[in-house]
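Chemist: Below: sequence and its predicted model.
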Amino acid sequence: MPLLPEQIPHKMLSQDAYSTWLGIEILECEIGRCKVGMTIRKDMLNSMNKAHGGISYSLADTAFGFAANTHGKYAVSIETSINHIEALDEGDYIVAESVIENVKNKLGFNIIEVKRGEELVALFKGVVYRTSKSWEEND
């Protein structure tokens with residue numbers, strides 16, 4: 001039996017050890033949209049005592065992947081990039097929201113904003129490829 005769009009990100013997170021380690025939580029999700037958040041921990045800091053760039057990248061990538069999969073088909077990123085705008089500190093809570101606006105048959109294109117409160121801290125761009133395999137309850 002196929003999963004409902006809003007169930008897919010929760011299933012994905014339950015099978016994602018890395019996103020779980022990061023402490024990512026799903027804040028909102030519906031077809032074509034997912035908002036996730038997390039808190040920067042001490043073990044995520046780089047040598048300059050700021051969050052490693054891979055942390056905000058990972059949060060945005062997770063939001064992107066979750067939103068892309070809400071269309072019901074397994075979707076995988078094929079190209080991603082990020083612009084880091086502001087440095088992040090331990091204790092900062094950041095949110096990434098992905099809204100898939102441009103949906104083609106096999107490809108999806110998206111820009112994800114990563115924010116600390118209302119402040120934009122990173123912009124992530126992603127291209128996703130949708131396979132023909134559907135998300136099922138027993139996957």
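Modeler: It's in.
Chemist: report the longest strand in this structure, please.
Modeler: strand 119-134 (DSSP state E).
Chemist: Output the below-cut-off pLDDT ranges for the protein.
Modeler: Residue ranges of the chain with pLDDT under 70: 101-103, 139.
Chemist: Going along the chain, name the helices of it.
Modeler: With DSSP state H, the ranges of helices along the chain come out as 8-14, 17-22, 53-69.
Chemist: Which of these has the highest mean neighbour count?
Modeler: Sort those by mean neighbour count, taking mean count of other Cβ atoms under 10 Å, and helix 53-69 sits at the top with a mean of 24. Every C-beta, even on glycine, is put in place using the N, C-alpha and C of the backbone.
Chemist: Beta-bridge partners for residue 25, please?
Modeler: Bridge pairing for residue 25 (DSSP bridges) gives the partners residue 37.
Chemist: you'd agree it is up against residue 38?
Modeler: Yes. Applying Cβ atoms under 8 Å as the test, residue 25 and residue 38 come out as touching, 6.8 Å apart.
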